[in-house]
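[1] Prediction below, plus the sequence it came from.
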Amino acid sequence: MPTVSSQDVLALAPVAILALGGIALLLSEVFLTSGKRGYQAFLTVLFAATAGLTAFGATPGKVFAGQATADAFSAFVTITVSFGLALAALVSASWLDARGAERGEFYALSLFAASGMSLLGMASDLLVAFVAIEIMSLSTYALAAWMRRGKKPAEAAFKYFILGAFSSALLLYGTSLVFGATGSTLLSDVARGPLQAGGSALLSAGLVLVAAGLAFKVAAVPFHVWTPDVYEGAPTPVTAFMAAGVKTAAFAILARTVLAAYAATGGAADSAFPRVLAVLALLTMLVGNLFAVPQRSVKRMLAYSSIAHAGYLLLGVLAAGLPAVRERALSGVLFYLASYTASAIGAFAVVGALESNGQPGDEPADAWDLERLAGLSRRRPLLAFAMTVFMLSLAGVPPTAGFVAKLLVFQAAVGAQYLALAVVGVLTSALGAYYYLRVVVYMYMRPAAEGEPAGVTSPVLSVALAVAVAAVVVLGIGSEPVASLARAAAAVVR
Amino acid sequence: MTPLESYFPLAVVFALALVLGLALVGLAALLGPRRPSRVKEAPFECGSDPVGDARGRFGVKFYVIALLFVVFDIEAVFIYPWAVQVRELGWNGFATMAVFAATLVAGLAYVWKKGALDWE
Amino acid sequence: MADRAELWIFLLFAIPLVIAAAGVVAARNPVNAAMSLVAAFFFLAGIYVLLVAHLVAFLQILVYAGAIMVVFLFVIMLLQLHDQDMQDAKLKAMQWGGIIGASGVLTVVALAIQQAGEIHWKAVPESFGTVKAVGMLLFTQYLLPFEATSLLLLVAIVGAVVVAKQRI
């Protein structure tokens, strides 16, 4: 008999609120036909805030026959995702309104995606993880295709869909092999290892396929090829939400899966699994940063930068394999995700505000060229200041959130004896400073080109940018409250 | 009775269907009179003109309808295992299914009101 | 005796299944490939029935061979490929890389399965795989993914409308 306890329902409240919010916006779009759509972004923010608050309310523990876990870790993920959703909704409102493309479906799909992400943060079963990933991915595929005209958006949406479907297939195939070896899809059962001694190779093969499927979602090298094109072609607010939200949720389930995999394959020291992760982290840090350097398009540069940040996060997940530093490494990863959410959405919001406002989807090839930022400090001093804060945070310069995040992750890596990787991390961060600061140089030291438009801003965008700047600075200077929250979240994950 | 034996009647039905189909077509070819004419030899295509490119382009609206069909088809598949044991699952099962169906009813309401079912 | 009969029936489905699956890959004309895929789905459903997985077999016919294939055909019609578009079938370096990579993965998985050795299967109850048993699992152990699936289907509906409707 199906029995659902009140604990089950309470634990699922954030996911349900986000989903119900999506349904409400969907129906309001078709039933309220006044044509005024200003309320939609605010409703989205409201639902995101409610979901974030209810994430605290759940009694910690396993729910739905062990298929999901409500704990401080899932609460942290939900709050980060909700924060990202609220920011992205405000940014979208301004961007879409300027292009006459604001519809309830946009916010509904964002809310559904966030609901999937929140569920992914709770998932402790590979099957739940798969369904949650699909909810998140299907929504983001449709959002990427939002501006349907033009060559680049179509290419981006198509590429994202095909490669995303492929990675889901890898994930599902891996899950079936894991089920064959362990007789269960529960991560807690997977952690116990194969049913029979001979099954360890089968389990490893399955886990590697699952990890490869997740590596697609977090855009780790060599599974990153789709990222630059998709990030550049998708509508800018969607890119912002994709970069922050999908990364947060995918890293949450990756961390849980990797920990189970470590336990199943007999500790961190003598198995091949950490070595695979180490190679992925190394490649991702190197390729992401090296390819970001020659980019003239700021949007594309931010796409490569998102790959580079996935590399640092992978380093943190790798370090979490060692029980002695697990708590420190995981809390570093969580803090990093929160900091990246604020910085990346802010940076993409500025890029979106400066985009040419012509025919939707028909942006010229240099729509996001560095030149467009030239002299921004004189045209729009506040916008330039906000962008500077985001760039410093992404580069990891104190006193911003990005600095604290990098520090926590690199400390954990050193603690786990991954010295060489930590050195590579620091060196590539220095390289990263070059291309992030180049943006700042353009804004403050280059004269503006003739007839450069001032860009679009609206009150909602200003609010979003102010909140993002405040988050980046507060996380950088007074990082302790959030860091302790992250530590508490990391402590509950075994 | 092993599981395999329980399928024997099914196999008989399939075999009969095959025999019947072959027999009807075969007998018609064998016994029927053949008086071919130009009109009779033209391929029959439900009244539409059968001449032209076989790969005519279908509008994208077919695709929307087909995809909606798939989604509601899958919903039907999920209702099936619930329906065969609705009494064992009781009211809890009913509530579970109600939540599942309500989500999709919201989807149906959206699609209907949006006009995605209209033939533009 | 029953084992022997089961083997024959298995081969009756398995051999055409492999031929049909090869046909999907080898067919030049996408419509032919799609038709081969329908055949493959039917034979696969036969194998599911042989495994007493009635619900999966039913799903295979109803959803895959029925609904999904319709979408496949519509997409093929929509793309409107012509014969000359399909002449350029030479394998490019990228595709060779894909073939090598895929066979590498398949080899590893095959070796892993072989290394697992003789698996001492757990005996499952008589009813395992029947519609009732799957339904019971679906509404108890796997309740959460089941409910989440309804949200997934809703997203699919909205996504289809957003992407393909002419005016939104």
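    That came in fine, so what should we check first?
[2] In a helix, residue A:188, correct?
    Yes. Under DSSP: H, G, I helix; E, B strand; the rest coil, residue A:188 falls within a helix.
[3] How confident was the prediction at it?
    We have a pLDDT of 89 for residue A:188.
[4] swap in the one 5 residues further on?
    Model confidence at residue A:193, given as pLDDT, is 82.
[5] count of neighbours near residue B:29?
    Residue B:29 sits with 9 neighbouring residues when counted by other Cβ atoms under 10 Å in any protein chain shown. Quick note: C-beta positions are derived from backbone N, CA and C, even for glycine.
[6] Distance of it relative to residue A:80?
    Taking Cβ to Cβ, to the nearest Å as the measure, residue B:29 falls 71 Å from residue A:80.
[7] Same check on residue A:410?
    In terms of Cβ to Cβ, residue A:410 sits 21 Å off from residue A:80.
[8] These two: which is more packed in?
    Neighbours per residue (other Cβ under 10 Å) separate residue A:410 from residue A:80, with residue A:80 holding more: 31 against 23.
[9] Get me the contact residues on chain B for chain A.
    Contact residues (Cβ under 8 Å from any Cβ of the partner chain) of chain B with chain A: B:88-90, B:92-93, B:95-96, B:103, B:106, B:109-110, B:113-114.
[10] What's the PyMOL syntax to select whichever of those residues are buried?
    Only the buried members of these enter the following PyMOL selection, criterion being 16 or more other Cβ atoms under 10 Å in any protein chain shown:
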select buried, chain B and resi 89+93+96+103+106+110+114
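[11] Closest one of the residues of chain B next to chain A to residue C:105?
    residue B:103 (36.2 Å; Cβ to Cβ).
[12] Moving C-terminal from the helix or strand containing residue B:79, which element do we reach first?
    Following DSSP states H and E, one finds residue B:79 within helix B:60-83. With elements assigned by DSSP H and E, the helix or strand that comes after helix B:60-83 is helix B:86-114.
[13] From residue C:17, how far out is the residue lying farthest from the centre of chain B?
    Most distant from the centre of chain B: residue B:35, at 35.5 Å, with distances by Cα atoms, centre = their mean. Remark: distance between residue B:35 and residue C:17 (Cβ to Cβ) = 43 Å.
[14] State the helix or strand in which the residue farthest from the centre of chain B lies.
    Applying DSSP H and E, one finds residue B:35 in no helix or strand.
[15] Quick check on it: phi, psi?
    Here is the backbone geometry of residue B:35 (degrees, to the nearest 10): phi -130, psi 80.
[16] For residue A:62, what are phi and psi?
    phi -80, psi 140.
[17] show me the contacts for it.
    By Cβ atoms under 8 Å, 6 or more residues apart in numbering or on different chains, the contact list for residue A:62 reads A:68-70, A:124.
[18] Give me the subset of these lying in strands.
    A:68-70 (DSSP state E).
[19] how about the residues you listed in a markdown table, adding pLDDT, distance to residue A:478 and neighbour count?
    Shown next, in a markdown table, are those (pLDDT from 0 to 100; distance: Cβ to Cβ, whole Å; neighbours: other Cβ atoms under 10 Å in any protein chain shown):
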| residue | pLDDT | distance to residue A:478 | neighbour count |
| --- | --- | --- | --- |
| A:68 | 90 | 33 | 26 |
| A:69 | 90 | 30 | 23 |
| A:70 | 89 | 28 | 27 |
